[in-house]
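Asker: Got a sequence here, can you build the structure:
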Amino acid sequence: MIKRVHLFLLAVILFPLHGFAQSENVTIEGKVADRQTGELLIGVGVSVSGAGTGTITDVDGRFSLTVSSLPAGLKFSYVGYHTEEVDVYEYAEPLTVRLRTSTLLDEVVVIGYTQTKRNATASAISQVDRQQLTPVAAGSLTEKLQGQAGGLLVSSTSGAPGSAVLVRLRGTTSINASNDPLYVVDGVFINNKTLQGIASGGQTTNALADLNPADIEKVEILKDANATAIYGSRGSNGVILITTKRGSARKTTVNFNAEAGFGHYDKLWKLATGPEHALVINEAWVNDGEPYETRPFRPKNEVVNNEPGLGAPEEQGTYDRLHVLFRTALQQTYNLSVSGGDDKTRFYLSGEYTSQEAIIKLQDFRRYGFRINLDHDLTPKVKIGTSASYAVTLRSLCRAGDTGGILNTGLHTPTLTPIFTEDGAYNRSERFNNPYVLIENNNHHTQGGHLIGNVYLAWEIIKNLSFKSSWSLDNSDYKENVYYNANLNEGKSTDGSATESFTSNQLWTAEQLLSYLASRGKHFISLFAGNTLQHNVFGRSRLTGTNFPSIAFSSISSAAVTTGTNTGKIPSGLISWFGRANYSYDDKYSVDVNFRADASSRFGESNRWGYFPSFGASWRIGQEKFIKNNLPAVSELKLIASIGWTGNQDIADFAALGLWAGGNNYLDKAGTAPYQLANPGLKWETTRQINLGVESSFLNNRLNFKFNYYNKYTTDLLLNVPVPAKTGFGSTFGNIGEMSNKGFEIEIGSENIKTGKLGWNTSLNLFRNVNRIEKLPSSFTQYNRDWVRLEEGYPMYSFWLYKQLYVDPQTGNAVYDDSRTGDGKITTDDRRIVGDIWPKLTGGLYNSLRYKQVELSFLFNFSYGNEVFNMNRYFQEHAGNRGTQWSLQASMMRRWQNPGDRTDIPRITNVQNPDGSFNHNYESSRFLEDASYIRLRNVSLSWHLPKNILAKAGLNQLRVYVNATNLLTFTEYSGADPEVNVAGDYNSGVGTVQGLDFSTPPHPRTIVFGFNVTY
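Answerer: Presented below is the predicted three-dimensional model:
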């Protein structure tokens, strides 16, 4: 029933409530019901053939429609039912129209390039409709997709709006090439990589935050090779198809949505108080063998070696910086759209403004967006159209997870350090900025522009044969300005430091498609062939200035010393030919064959072409008599199987070529030098994927079930491998290594209750992936520390640490696993893989309920078995050697202090243990935590204004609502948020590194109030 109410809301937009009245009008009334059950249907479209006049059935299944004269032809259409046409010659009493149900399986559907019968699909595809996306209070589409589809892992890098989101579809298949899925918006391939050129302390921006989620009609997620092989190299990591709203032949409809709300942190870190911190330092001092009398924190009148004490521990104050830097964040969004059309022209226009503050000060995100979608029939056989959107994004940023970052200032400055000096001035340290100085002087702003445009021509050459030509552009630019004046630690030594960066990326695509679709008797065939040309141009310029006259000057033109770099225009290209054949017999048996050939400029001439076939088959076993006659509860049962190959070429441009670079000057003479070592044998990274699945529905399609098992194996990994120093180079790209991903997905949907007044729908998805590096000649580390390791036989992103077994209750020393060497000494050889970042199971549970005009929906998502290395604990559970430079976590209060104490935090000392190990400042498994969680991702409560009130106001629909996001989180992780990732060096291609938590802003708990009105 909820599904039907959603369709009712959609139909309110698609069909006007008021016809074009004339003086001779005749009003026809009636009701529409299900032919089999007699249940009245809500939201059925009722239109007058050829007139463009229409309405919809109300919550009681009734309609009222005015026609200019009789006879009149009425058309009744409703998703899930066959369209009925009724001719009315004279009208005396209300009509009763009964629609015949359809499972939609005989419909021809378009998914990406593919046109086929719905019942003939042999691919693993998930769909997320706008009804599921709308309630989630998030600024980007990727955040809204979290927990919504099986096989899709979505994890935000931080709680800052507009920041990067990690998206993995059926695991990760590459080490140095991209692992992101391909995003296609209305047929346009878009760039999803950040254009950020200035570091912001472990945070990167999200290019997909440029899209307005309110414009999206549906999202289709293509997962197996049979669905993605047709995209070749672009589909190696899966494909996410985004379809935006379009107009239809109906009266013009205006829709306005406004919402405003606030976000607040759920949990912050627990730090030791000032007295506790001082006590730990004194304890470490004595444990290290220093005289008690010389301990640092002793009464000030105790002078030792002409130095007074810093005051006894109990005399120390506790100074809270964290709450100085956090706030209640405000957010607001406004969307206005106009849509409609006639028999020849359909249009959709929209405009948007979004403003989101981060819960951490100095960060906010704003977006201005505009979209126009236009379709026009030149003739009955020729159609042209365009889709275009432009967004401007404005960000205020502040570095987070590094020495000068805002979170390090609040989290890692010791709580015993006063914020102000005795004379009231700001207290400054050499390592961390004063929070108020940072708030008053931070100056880091960015502006992005993103144009996505497409024009097309579709021509039905003859019956069943059509041609489509489309031309598209994805154009992005990103301008960054950061200025550290002399009041900040970053600018103090150079009398100010400023950097400006401008990055642009243009992706041009031309695509030609020829399709043939025919059905005769029990036979159905779908054929198409196509060609794609892609040309990408990337460029970046950067200017830096130092030594400013004063803090009043921030323009680089005022700097005494300036330097600049410019990459110039870096082009790359891709040429593709592809085709597909689908054959179905008797609506039971179906086979697919796909083939694509890609040529990439990133490889040498002999290896530019990659060839990617796929094969799929399906059997609707539920249509066989032995199932239909014996299992009447089975509405649909289909088996699918596929195998296919996809490629990956998403590495640095010209990676196979030997390059030279200028700037290597000798005295006053310009010079060049080798920059990149050539590898003419560099070739495509290839992934083979096998998929086996079952799709079924029961009880007249009220219970739906999907299960897919997949096996992905990647060969010829594109890897940046070290080369001998005598070559003069550090590394070069090569094809080395193999990797596998295996797993399963389960998707269950049910209509639990469907009556006229009450409805309840539920959907559940579960996903498990097992990643393993099958072949790798030598192990190496990822990220700028050696904790994250890539090693043959283990998952990518494994943690390479000393394994702490326990703390000796008698000595208080940490005991580490020595079984690898067994020599009684703890050395680097004893480090081992002790865990990895991958969850054992992820999923989401969505429920939607309706009672009369009230709707309630909620979404839980969870992650089980993933581990996080808590870098905050690594730095803050120290042995006092960091003194008053770094803060301490409150967990240090459970440290070992006396014989017999049982704890996981060893004795505080910097002295080396007898076996050569250390108790603290050690890359130990003690800091590796289970970060499993269950999160109430979203709750939405809405109320639809009754129809009689709407009629008086002349409105089609009015809905008021409240949405809450991240309302509850259940986890045993000790940090502020279990959903954390650290952004790596985007310039070197490391990308987002999962499972590291270092000064990462937590996700906010958000509540927004809004209304949606349609006229």
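Asker: Show me where the stretch 451-600 of the chain has its helices.
Answerer: Counting by DSSP state H, counting those that start in this stretch, the segments of the stretch 451-600 of the chain that form helices are 489-492.
Asker: what about the strands in it?
Answerer: Counting by DSSP state E, counting those that start in this stretch, the stretch 451-600 of the chain has strands at residues 465-484, 497-520, 523-546, 561-566, 570-585, 589-600.
Asker: Name the stretch among these that sits most buried.
Answerer: When the strands of the stretch 451-600 of the chain are scored by mean count of other C-beta atoms under 10 Å, the highest mean neighbour count falls to strand 589-600 (a mean of 22). Quick note: C-beta positions are derived from backbone N, CA and C, even for glycine.
Asker: For it, name the packing helices and strands.
Answerer: strand 570-585, strand 609-619, strand 634-648 (3 or more C-beta pairs under 8 Å, 6 or more residues apart in numbering; DSSP states H and E).
Asker: Looking at it now, give me its mean pLDDT.
Answerer: The average pLDDT within strand 589-600 is 94.
Asker: That one to strand 609-619, inter-axis angle?
Answerer: Going by axes from the mean of the first three to the mean of the last three C-alpha atoms, to 10 degrees, strand 589-600 is angled at 170 degrees with respect to strand 609-619.
Asker: tell me the angle of strand 589-600 relative to strand 523-546?
Answerer: When the same axes, to 10 degrees is applied, the directions of strand 589-600 and strand 523-546 differ by 30 degrees.
Asker: okay, the angle between strand 589-600 and strand 634-648?
Answerer: Going by the same axes, to 10 degrees, strand 589-600 makes 20 degrees with strand 634-648.
Asker: Take strand 589-600, keep the C-alpha atoms, and write them as CSV.
Answerer: Only the C-alpha atoms of strand 589-600 are listed here, as CSV (Å, rounded to 0.1, in the frame of the first residue of the first chain):
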residue,chain,number,x,y,z
TYR,A,589,14.7,-18.4,-21.4
SER,A,590,17.1,-15.5,-22.1
VAL,A,591,20.7,-15.1,-23.2
ASP,A,592,23.0,-12.1,-23.4
VAL,A,593,26.2,-11.5,-25.3
ASN,A,594,28.2,-8.2,-24.8
PHE,A,595,31.4,-7.1,-26.3
ARG,A,596,33.4,-3.9,-26.0
ALA,A,597,36.8,-2.7,-27.3
ASP,A,598,38.5,0.3,-25.7
ALA,A,599,41.7,2.1,-26.8
SER,A,600,43.3,4.3,-24.1
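Asker: who's in contact with stretch 814-832?
Answerer: Stretch 814-832 is contacted from outside by 800-808, 906, 913, 915-919, 922-924, 926, using C-beta atoms under 8 Å, 6 or more residues apart in numbering.
Asker: buried sites along that stretch?
Answerer: Using 16 or more other C-beta atoms under 10 Å as the test for burial, stretch 814-832 gives 814, 815, 816, 818, 826, 830, 831, 832.
Asker: For residue 727, the count of nearby residues, please.
Answerer: Neighbours of residue 727 under the rule other C-beta atoms under 10 Å: 11.
Asker: I'd like the distance from it to residue 658, if you could.
Answerer: Distance of residue 727 to residue 658, computed by C-beta to C-beta, to the nearest Å: 11 Å.
Asker: Now for residue 638: which residues touch it?
Answerer: Residue 638 sits next to 119, 618, 619, 620, 621, 622, 694, 695, 696 when contact means C-beta under 8 Å, 6+ apart.
Asker: quick one: secondary structure of the first one?
Answerer: To tie it back to what came earlier, the one meant is residue 119. Three-state call for residue 119 (DSSP: H, G, I helix; E, B strand; the rest coil): helix.
Asker: Model confidence for it, exactly?
Answerer: pLDDT, residue 119: 74.
Asker: Surely it touches residue 585?
Answerer: No - if you go by C-beta atoms under 8 Å, residue 119 and residue 585 don't touch, sitting 11.4 Å apart.
Asker: For residue 293, which three-state class applies?
Answerer: Quick answer, by three-state DSSP: residue 293 is helix.
Asker: State the distance from the closest residue in space to it that isn't next to it in sequence to residue 290.
Answerer: Closest residue in space to residue 293, ignoring its immediate chain neighbours: residue 304 at 6.2 Å, by C-beta to C-beta, 6 or more residues apart in numbering. To residue 290, residue 304 is 11 Å away according to C-beta to C-beta.
Asker: Could you do residue 131 as well?
Answerer: Using C-beta to C-beta, one gets 67 Å for the distance from residue 131 to residue 290.
Asker: Settle it for me: which of these two has more neighbours?
Answerer: Between residue 131 and residue 290, counted using other C-beta under 10 Å, the more crowded position is residue 131 (19 against 13).
Asker: Just the ones of the buried residues of stretch 814-832 in strands?
Answerer: Among the buried residues of stretch 814-832, the members falling in strands (DSSP state E) are 814, 815, 816, 832.
Asker: Need these in TSV (columns: distance to residue 230 and pLDDT).
Answerer: Output for these, formatted as TSV (distance: C-beta to C-beta, whole Å; pLDDT from 0 to 100):
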residue	distance to residue 230	pLDDT
814	55	96
815	56	97
816	52	97
832	43	95
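Asker: from these, which is closest to residue 127?
Answerer: When those are ranked by distance to residue 127 (C-beta to C-beta), residue 832 comes first, at 43.2 Å.
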